[in-house]
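> Sharing a sequence plus its predicted fold:
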Amino acid sequence: MARLGFSDRIMMIFIYAFVIILSFSAFYPFWNALVVSFNLGIDTTKGGVTFWPRVFTLENYDIVFKDDRLVNGFFVSIARTIVGTASSILMTAILAYGMTKRELIGKKFYMLFFVFTMYFGGGLIPSYLLISSLGLMNKFAVFIIPALISVWNMIIFRTFFKGLPVGLEESAQIDGATNWGIFFRIVLPLSGPVIATLSLFTAVAHWNDWFVPSIYITNEKLIPIQTMLRQILNANIVTDMSNNLDTASAARMEAMRTITTKSLTMATMMVATLPIVMVYPFVQKYFVKGVLIGSLKE
């Protein structure tokens, strides 16, 4: 391996320094939020809590996990993410597979129609009226049905499917396999990387969405944790949350006086963020392979 010259070494130093600074600037806000969530709320208001808790406490998480609304919202988010991701990936993949068929009549028109919806939408009021007329208000299905098809994911699926060897389908058809059999027994098993990648992107979108529930959901039992977090950010509900706890003891009353909106928000944010972050390491190896295969082959 050739030795680097002086100018190359200087360039490498700048590159590494830039990467380190960029990584730190991206990671530090998350770390600071984690630190604040474990720090005594009233102590955090004094400032100076940066890299580690100054007064360690679990009271913030104690309130979060003892509040029925937040716990219920956590499970609503889990259910929405699992059901929404599985159904969206399946329906989108079926649509994409159909769009690869040469004998499909009007395929170009369908493609233009789908792409059109990526750039133009009816707006919030028409969408609200549509959801209301379909009877999806305050229903769990409002999280699932409107998000069943993703045009962008469909395009990636379609491009990936078109890159599969044609001989596979021809051989299966000779053996008597139907289109459904080919899709579920051959196409999907070969699409692991792109399915994993798009599943993660879809799951993150479902998990982080707070806007849809804030518009279409008024039933407290169907509000996901992200919308609950938004409510905490918009209003001081610490007192309301504390009323759900048993505060009869003097120790509990004293502990509740140390809780602040910021400390409670950070704890709630960690509970809402860590589950989806923990998924990334398991599908990271599919990112480059899945996205590049699905976006570059044509």
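Right, received. Where do you want to start? This one's a predicted model, so the numbers in the text were calculated from it and none came from an experiment.

> and residue 136, how far is that from residue 193?
Per Cβ to Cβ, to the nearest Å, residue 136 is found 34 Å from residue 193. To be clear about C-beta, it is placed using only N, CA and C from the backbone, and glycine gets the same treatment.

> same check, this time on residue 199
The value you get for residue 199 to residue 193, if Cβ to Cβ is used, is 11 Å.

> and if you look at residue 142?
31 Å.

> cool, and residue 218?
Applying Cβ to Cβ to residue 218 and residue 193 gives a distance of 40 Å.

> can you tell me which residues contact residue 148?
87-88, 91-92 (Cβ atoms under 8 Å, 6 or more residues apart in numbering).

> Of those residues, which belong to helices?
Counting by DSSP state H, the contacts of residue 148 place 87-88, 91-92 in helices.

> Contacts only, for residue 85.
Residue 85 neighbours (Cβ under 8 Å, 6+ apart): 199, 202-203, 206.

> Which of the three states applies to the closest residue to residue 219 other than its chain neighbours?
Spatial nearest neighbour of residue 219, excluding adjacent residues (Cβ to Cβ, 6 or more residues apart in numbering): residue 138 at 4.6 Å. Using DSSP: H, G, I helix; E, B strand; the rest coil, the secondary structure recorded for residue 138 is coil.

> tally of neighbours for residue 138?
12 (other Cβ atoms under 10 Å).

> And it, how far from residue 205?
Residue 138 is 22 Å from residue 205, by Cβ to Cβ.

> again with residue 262
Taken as Cβ to Cβ, the span from residue 262 to residue 205 is 27 Å.

> More neighbours: those two, which one.
Ranked by neighbour count (other Cβ under 10 Å), residue 262 and residue 205 place residue 262 first, with 19 against 15.

> what's the neighbour count on the closest residue to that one other than its chain neighbours?
Distances taken as Cβ to Cβ, 6+ apart put residue 44 closest to residue 262, at 6.1 Å, once the chain neighbours are dropped. The number of residues packed near residue 44 is 22, by other Cβ under 10 Å.

> Provide a list of residues in contact with residue 44.
36, 260, 262-263.

> can you give me the helices in the stretch 101-250 of the chain?
Ranges of helices within the stretch 101-250 of the chain are 107-119, 124-133, 141-144, 151-162, 166-174, 179-182, 192-208, 211-216, 225-234, 238-242, 250-256, based on DSSP state H, counting those that start in this stretch.

> Can you say which of those is nearest to residue 79?
helix 141-144 (8.7 Å; Cβ to Cβ).
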